[in-house]
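K.L.:
Sequence unavailable; structure follows:
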């Protein structure tokens, strides 16, 4: 990759894959565990919020600390928290409250891990090649997202759901390996203390005032929240006739593989279309296809819709990462990327919780249709920016 530190880039790839393997195994695993422990579908929305809300408060300080102290320190802390979260899940598999705590700790560990990764990519790539750099990074993450849900396809010997001890145990192995990869991640710290740099809020305001930056944060947040909703509510489809845990696993894996394909195609797509037009098209397609997964369309069409949704939604993350990195000062790239994560976490906190409130009225399928509508709103945000140019 152009502009990357070749000796550290393989460790960034390994780190990204491992984080997503364990996250995309553990998060749906927690949803299945809540259902098996007697929790209702509405509780799944709170589970997703438990993952997102605490990290919302820590994103900006963590980004600022990463700029000052370097990626390795934050990555190591994140891996320790991920190990702790999976340990809590293993001992609390029959406790809804324990599973909520596991989701909370998982969310903080995941936040620190991805801030360290994304800052490493930003600091090891050059202007003009960042979309390709973040495309390769998110492609690596997509590989992990495709591998993680495969663990859910192994059936439990005692029920219709997945083998949760296997899911959480395998994720624990991945988390231990992640801590080793974190040691080799490297750092780009300039050795500055945080007191020598502008405050997080003042710097954030300046970044958001850059052309298109605020809209990128909003659209990206809604998009990533929609992926969260699939992790939480696609498993809930298994309570419907004709939808098995294996089919849900296939949908999750197909979505991740399609996202992988879209990120591999991103360099070619970005040469033909502008960032904002790509964002508009991808959000529009994702809106329609996600809504379809909430309708009784049959197993084949569920998988096809998951594939189309995955391909479309995969474009949004690398575009918004490159966008914010380009507008941020060199010594505030971690803060800029954490600002994007704040938008993501805010959306991840509000949207799934709101979705959970809808379940008594609409069921899990109605939630997916409603979130498809929110993606259509995100597309409108992207379109409004394009008209201004």
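P.N.:
All right, it came through fine. Please read all numbers here as calculations on a predicted model, not as lab measurements.
K.L.:
Pull the contacting residues for the residue nearest in space to the middle of the chain.
P.N.:
In the chain, the residue lying closest to the centroid (Cα atoms, centre = their mean) is residue 224, at 5.8 Å. By Cβ atoms under 8 Å, 6 or more residues apart in numbering, residue 224 lies in contact with 316-317, 344, 347-348. (Glycine included, C-beta is placed from N, CA and C.)
K.L.:
Could you identify the least confident member of those residues?
P.N.:
Among the contacts of residue 224, residue 348 carries the weakest pLDDT, at 72.
K.L.:
picking that back up, hang on, the residue nearest to the centre of the chain is in a strand, isn't it?
P.N.:
No. Under DSSP: H, G, I helix; E, B strand; the rest coil, residue 224 sits outside any strand and is assigned helix.
K.L.:
what helices or strands is the lengthiest helix in the chain leaning on?
P.N.:
What stands out as the longest helix in the chain, according to DSSP state H, is helix 333-388. Applying 3 or more Cβ pairs under 8 Å, 6 or more residues apart in numbering; DSSP states H and E, one finds that helix 333-388 makes contact with helix 41-69, helix 96-123, helix 200-208, helix 213-233, helix 275-293, helix 316-327.
K.L.:
per-residue confidence at residue 196?
P.N.:
Looking at residue 196, its pLDDT is 52.
K.L.:
Buried by neighbour count: which residues of stretch 53-70 qualify?
P.N.:
Buried positions in stretch 53-70, judged by neighbour count with 16 or more other Cβ atoms under 10 Å: 53-56, 58-60, 62-70.
K.L.:
related to what we said a few turns ago, how close does the residue nearest to the centre of the chain sit to residue 344?
P.N.:
Residue 224 is 5 Å from residue 344, where distance means Cβ to Cβ, to the nearest Å.
K.L.:
nearest spatial neighbour of residue 377, skipping sequence neighbours?
P.N.:
Closest residue to residue 377 apart from its sequence neighbours, by Cβ to Cβ, 6 or more residues apart in numbering: residue 222 at 7.0 Å.
K.L.:
Equivalent analysis for residue 223, please.
P.N.:
Take residue 223 and drop its neighbours on the chain: the residue closest to it by Cβ to Cβ, 6+ apart is residue 316, 4.2 Å away.
K.L.:
so that neighbour sits right up against residue 281, yeah?
P.N.:
No. The criterion here is Cβ atoms under 8 Å, and residue 316 misses it with residue 281 at 10.7 Å.
K.L.:
of those two, who's got more company?
P.N.:
Neighbour totals were compared for residue 316 and residue 281, and residue 316 leads with 29 against 16 (other Cβ atoms under 10 Å).
K.L.:
Extract the residue ranges of the protein that are flagged as low pLDDT.
P.N.:
Within the chain, the segments meeting pLDDT under 70 span 1-7, 126-129, 188-203, 209-212, 331, 362, 382-389.
K.L.:
The same query, at a cut-off of 50, please.
P.N.:
For the chain, applying pLDDT under 50 flags the ranges 1-5, 191, 193-195, 388-389.
K.L.:
From residue 352, how far off is residue 42?
P.N.:
Distance from residue 42 to residue 352, counting by Cβ to Cβ: 11 Å.
K.L.:
who's more crowded, the two?
P.N.:
Higher neighbour count among residue 42 and residue 352: residue 352, with 29 against 16, using other Cβ under 10 Å.
K.L.:
Please tell me I have it right and the more buried one contacts residue 52.
P.N.:
Yes. In this structure, residue 352 is within contact of residue 52 by Cβ under 8 Å, at 7.3 Å.
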